[in-house]
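*Asks:* build me a model from this:
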Amino acid sequence: METVTAILVDDEQDALAILEEKIKSLFPNIQILYKAQSSREAYVQILSQQPDLVFMDISMPGESGLELLKRMPKHNFELIFVTSLDQHAIDAIRLCAVGFIVKPISNADLVHAINAALEKVYLKFEHNRIQNLLRNLSLPISQNHNIAISMKEGAHFVRVGDIVRCEGWAGYTKVVCANGKILISSQNIGEFKNMLEKYNFYEVHKSHLINVKQIEFVGRNGEEIRLYDGTNIPISRRIRANLLEVISKDVDKIRNIHIKIKNPKPCNFTSLVNFAEV
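*Replies:* Okay, here's the model as predicted:
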């Protein structure tokens, strides 16, 4: 499961500690970047660290969580409010269609809110991957280039087009070539992703990177693909439609592709602040 980053905002240190402990226990894939105890501190950290998730207390001394959101230049994160406010304020939050948890925090409420937020975060991740791949496909980059693969005994040079797939394995990466040769590299799969994405490689799983040009067969409904080396790879429902979009277009048509995802209507935090303070 992909790592998701988060920042926690609450003026009460004990509340932060409880929330952090629950998140780490229930969602070990969420990496907590920072715990802020004031709006000023949160503002700086959110803008500088760009988290995927923000857990925000509403009632804080000085500037409230809602007022903080009102003055932020952009909201490119999923937001979960943590509140002990009355039903009137909760109704206002619901109107804004953001997640919320009422103090004291129950595990069930926390799991429900985080799962809803993660669904949106993963959709953004997938959208960004597809956009990057389409952008790379439109560039005149040939797979005839050679790359250096770091191995225990030294560097092995391989033509990019000869690589069928890369598979993460215990911190190493197994590189499978078209001639059947398998290279075990000391570089992790993330390094290969950064190196090969521009050459039309696609991440079908967290630990599996494939060369799109090495796809031989696509199963019915895109549930499985087969590569030229005979490897069958199951494709998750989450990425299936996007992968089929990519492999069904030839390079000359890639420039005209535009992927759209449906996002909820942006929240008007100005209206929300006014409503909550009534």
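*Asks:* thought His156 was touching Ile147?
*Replies:* No - under the criterion of Cβ atoms under 8 Å, His156 is not in contact with Ile147, lying 9.5 Å apart. All C-beta spots, glycine's among them, are computed from the backbone N, C-alpha and C.
*Asks:* need the strands for the stretch 101-250 of the chain, in chain order.
*Replies:* For the stretch 101-250 of the chain, the strands defined by DSSP state E, counting those that start in this stretch occupy 146-151, 154-159, 163-169, 172-177, 182-185, 201-205, 208-211, 215-218, 224-227, 232-234.
*Asks:* of these, which is nearest Asp109?
*Replies:* Asp109 sits nearest to strand 201-205 of all the strands of the stretch 101-250 of the chain, at 30.9 Å, using Cβ to Cβ.
*Asks:* could I get the strands of the stretch 101-250 of the chain in TSV, plus columns for distance to Ser84?
*Replies:* Formatted as TSV, those follow (distance: least, Cβ to Cβ, whole Å):
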stretch	distance to Ser84
strand 146-151	53
strand 154-159	58
strand 163-169	43
strand 172-177	48
strand 182-185	51
strand 201-205	41
strand 208-211	44
strand 215-218	52
strand 224-227	49
strand 232-234	45
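*Asks:* could I get those as a markdown table with mean neighbour count and distance to Ile30?
*Replies:* Formatted as a markdown table, the strands of the stretch 101-250 of the chain follow (neighbours: other Cβ atoms under 10 Å; distance: least, Cβ to Cβ, whole Å):
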| stretch | mean neighbour count | distance to Ile30 |
| --- | --- | --- |
| strand 146-151 | 15 | 31 |
| strand 154-159 | 12 | 36 |
| strand 163-169 | 21 | 20 |
| strand 172-177 | 20 | 25 |
| strand 182-185 | 15 | 29 |
| strand 201-205 | 21 | 20 |
| strand 208-211 | 22 | 23 |
| strand 215-218 | 14 | 33 |
| strand 224-227 | 18 | 30 |
| strand 232-234 | 12 | 26 |
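*Asks:* figure out which of those is closest to Glu126.
*Replies:* strand 201-205 (9.7 Å).
*Asks:* so what touches that closest one?
*Replies:* 129, 133, 163, 166, 192-193, 197, 209-212, 225, 233, 235-236, 239, 243, 246 (Cβ atoms under 8 Å, 6 or more residues apart in numbering).
*Asks:* okay, that strand in CSV with CA atoms only?
*Replies:* Coordinates of the C-alpha atoms in strand 201-205 are reproduced here as CSV (Å, rounded to 0.1, in the frame of the first residue of the first chain):
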residue,chain,number,x,y,z
PHE,A,201,7.3,2.4,-18.2
TYR,A,202,4.2,2.1,-16.1
GLU,A,203,3.8,1.2,-12.4
VAL,A,204,1.0,-1.5,-12.3
HIS,A,205,1.7,-2.3,-8.6
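*Asks:* what about this protein, any weak spots by pLDDT?
*Replies:* For the chain, the stretches with pLDDT under 70 are 1, 85-98, 130-141, 220-222, 245-278.
*Asks:* let's see 50
*Replies:* Where the chain drops to pLDDT under 50, the residues are 88, 92, 95, 97, 140, 250-278.
*Asks:* ok, now which ones touch the residue sitting nearest the centre point of it?
*Replies:* Central residue of the chain (Cα atoms, centre = their mean): Phe125, 3.5 Å from the mean position. Applying Cβ under 8 Å, 6+ apart to Phe125 gives the contacts Glu2.
*Asks:* returning to what we had before: which stretch among the strands of the stretch 101-250 of the chain comes nearest Leu26?
*Replies:* Of these, nearest to Leu26 by Cβ to Cβ is strand 201-205, at 23.2 Å.
*Asks:* okay, now the sheet partners of that closest one, with direction.
*Replies:* Applying DSSP bridges, strand 201-205 is found paired with strand 208-211 (antiparallel).
*Asks:* for the strand it pairs with, C-alpha coordinates in CSV please.
*Replies:* In CSV, the C-alpha atoms belonging to strand 208-211 read as follows (Å, rounded to 0.1, in the frame of the first residue of the first chain):
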residue,chain,number,x,y,z
HIS,A,208,6.0,-3.8,-10.3
LEU,A,209,7.1,-1.6,-13.2
ILE,A,210,6.4,-2.7,-16.8
ASN,A,211,7.5,-1.6,-20.2
